[in-house]
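# Here you go, sequence then predicted model.
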Amino acid sequence: RVAYVNGRYQPHAVAAVHIEDRGMQFSDGIYEVVAVVDGHPIDLSGHIARLDRSLTEMRIARPMPSRSLRLVMRELVRRNRLSNGIVYIQVNRGVYRRDHPFPPAHVAPSLVMTVRSGVGPSRTAIENGVPVITMPDRRWARRDIKSVSLLPNVLAKEAAHEAGAWEAWQVDRDGYITEGASTNAWIVSRDGALVTRPLNDDILAGITRQSLLALARADGMTVEERPFTVEEAKAAREAFTSSTTLSALPVVRIDDAVVANGVPGSLTRRLRELYAAHIAGAGRE
Ligand code: PMP
């Protein structure tokens, strides 16, 4: 396996950033995960636009122009002969002696890219659906930024796993679900509408969320971008959770409540089909 680190392609086993990198000191960095299907990155423009936005919001300099970023990504996929998996991209503010304020302007950001093959949910998870738990959302107030500061997300995911669940849906102070620790949360309401939380700084603007919304609207589904409570989710017709590596993953239990009759719903299955067609066609770049 080969990784890209600051201008060099290196064996994955020895690839490293410096111990004084601000990613290490302060988790002062941002990241992206792009799915690769049959060697093609999926929804690449969306991921690059979000990366750019995260950099702007964090005031981290662009490590290179988007065009070059795309080239490096393609080269890394080629060198690794990656056909199905992910590219992970991380940009940190750079290497400098530890001090909280930004380093001087001459300090260049660090850019790391790695690949992994064969990520994604198991057949069983897709066919049977998965359980999720809910818990208070204790993350920071800028969840729209794809920051590598993921400690609360790590703790949430671990709590989910320890509870035998797949994901931990986060709940705001008013009892509304924000999103999962690494996924966006969705339900199909009692009226049959597809519901997901609207975009603001409470949640990450999932690229899969964006694609699923477009596919649903094009397919004539009723879509409502509005917050929904834990109670509404537990009583919903269907539920699922979405991300780059999952597509729409059916959720069949929320805490102790079985969703609908405990099997993946028809609208969720339809969305999975639409998304599969998307990644086999228009989603490829
Ligand atoms: N929310 C959070 C907190 C995430 O970490 C992720 C995945 N990185 C998502 C949502 C889903 O985003 P995407 O569809 O772009 O993978």
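Nice, I can see it.
# where in the protein is pLDDT low?
By pLDDT under 70, the chain has no low-scoring segment.
# gap between residue 97 and residue 22?
Distance of residue 97 to residue 22, computed by C-beta to C-beta, to the nearest Å: 10 Å. C-beta here means a position set from N, CA and C on the backbone, and glycine is covered the same way.
# Any idea how many residues pack against the residue in the stretch 51-200 of the chain that the ligand sits nearest to?
The nearest approach of the stretch 51-200 of the chain to the ligand comes at residue 182, 4.0 Å away (C-beta to the nearest ligand atom). Other residues near residue 182 come to 20 when the count uses other C-beta atoms under 10 Å.
# tell me the contacts of it?
153, 157, 167, 243 (C-beta atoms under 8 Å, 6 or more residues apart in numbering).
# Can you classify it by secondary structure?
For residue 182, the assignment made with DSSP: H, G, I helix; E, B strand; the rest coil gives coil.
# returning to that earlier point: more crowded one of residue 97 and residue 22?
More crowded of residue 97 and residue 22, by other C-beta under 10 Å: residue 22, with 25 against 7.
# thought that one was touching residue 103?
Yes. If you go by C-beta atoms under 8 Å, residue 22 and residue 103 touch, sitting 7.3 Å apart.
# Which residues are in contact with each of those two?
By C-beta under 8 Å, 6+ apart, the residues touching both residue 22 and residue 103 are 93-94, 96.
# what's the closest of these to residue 145?
residue 93 (13.3 Å; C-beta to C-beta).
# ok, now which ones touch that closest one?
The contact partners of residue 93, taken as C-beta under 8 Å, 6+ apart, are 22-23, 28-29, 58, 60, 102-103, 107, 109-110.
# show me where the stretch 101-250 of the chain has strands.
Using DSSP state E, counting those that start in this stretch, the strands found in the stretch 101-250 of the chain span residues 110-117, 130-136, 167-171, 184-188, 194-196, 223-225, 238-243, 247-254.
# So for residue 148, which of the ones you listed sits nearest?
Evaluated over the strands of the stretch 101-250 of the chain, closeness to residue 148 peaks at strand 110-117, with 10.5 Å, by C-beta to C-beta.
# So which elements touch the closest one?
For strand 110-117, the packing partners by 3 or more C-beta pairs under 8 Å, 6 or more residues apart in numbering; DSSP states H and E come out as strand 2-5, helix 66-79, strand 85-92.
# How about the residues of the stretch 151-285 of the chain by the ligand?
Contacts of the stretch 151-285 of the chain with the ligand, taken as C-beta under 6 Å from any ligand atom, map to 179, 182-184, 204, 206-209, 242-244.
# So the residue of the stretch 51-200 of the chain closest to the ligand versus residue 242, what's the distance?
Following C-beta to C-beta, the distance that separates residue 182 from residue 242 is 10 Å.
# same deal with residue 251?
Counting by C-beta to C-beta, the gap from residue 251 to residue 242 is 10 Å.
# do the same with residue 207
10 Å.
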